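Chemist: What follows is a predicted structure for the sequence shown.
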Amino acid sequence: MQVRIYQPAKSAMQSGWAGTRKWILEFPADAPRVADPLMGWIGSIDTKAQVQLTFDTKEEAVAFAERNGLPYLLEDPHHPKFRPKSYADNFRYDRVGRWTH
């Protein structure tokens, strides 16, 4: 059982970075998820898969895993490169590509 430590990515439906600064430690699912025969809801008997621990820094999450003897998989976040853009660049004379009215 290897816990996963990661920093969540920004949702495609939001423009801000809320909820993406914390580090999350989550446990893998030990039992498969199955549909309930009566209601059809998906559930599992494994309660550890529902637990997500949040930490302010990566070092705190790693220290927690090592202190409790949990093997961990550390996933570093991918930060997109910021390219500054200007509205005036849309109308440059030497613009590459076709542009018509």
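Modeler: Here it is on my side, so go on. Nothing here was measured: the structure is a model prediction, and the numbers come from that model.
Chemist: Output the lowest mean pLDDT helix or strand found in the chain.
Modeler: Lowest by mean pLDDT, DSSP states H and E among the helices and strands of the chain is strand 42-43, with a mean of 87.
Chemist: Against Arg4, how distant is the nearest residue to Ala29 once chain neighbours are set aside?
Modeler: Using C-beta to C-beta, 6 or more residues apart in numbering and skipping the chain neighbours, the partner closest in space to Ala29 is Ala49 (4.0 Å). Yep, even glycine has a C-beta here, placed from its N, CA and C like the rest. Separation of Ala49 from Arg4 (C-beta to C-beta, to the nearest Å): 11 Å.
Chemist: Quick check: neighbours shared by those two?
Modeler: Residues touching both Ala49 and Arg4 by C-beta atoms under 8 Å, 6 or more residues apart in numbering: 26, 28.
Chemist: what's the least confident helix or strand of the chain in contact with?
Modeler: 33-36.
Chemist: And the strands in this structure, which stretches?
Modeler: For the chain, the strands defined by DSSP state E cover 3-6, 23-26, 34-35, 42-43, 52-55, 72-75.
Chemist: Check which residues of the first one are buried.
Modeler: If I follow you right, that is strand 3-6. 3, 5-6 (16 or more other C-beta atoms under 10 Å).
Chemist: Closest to Ala63 out of these?
Modeler: Ile5 (10.7 Å; C-beta to C-beta).
Chemist: How about Ile45: what's its closest non-neighbour residue?
Modeler: Ala31 (5.3 Å).
Chemist: nope, Asp36 is what I meant
Modeler: Here the residue nearest Asp36, using C-beta to C-beta, 6+ apart, is Gly43, at 5.9 Å.
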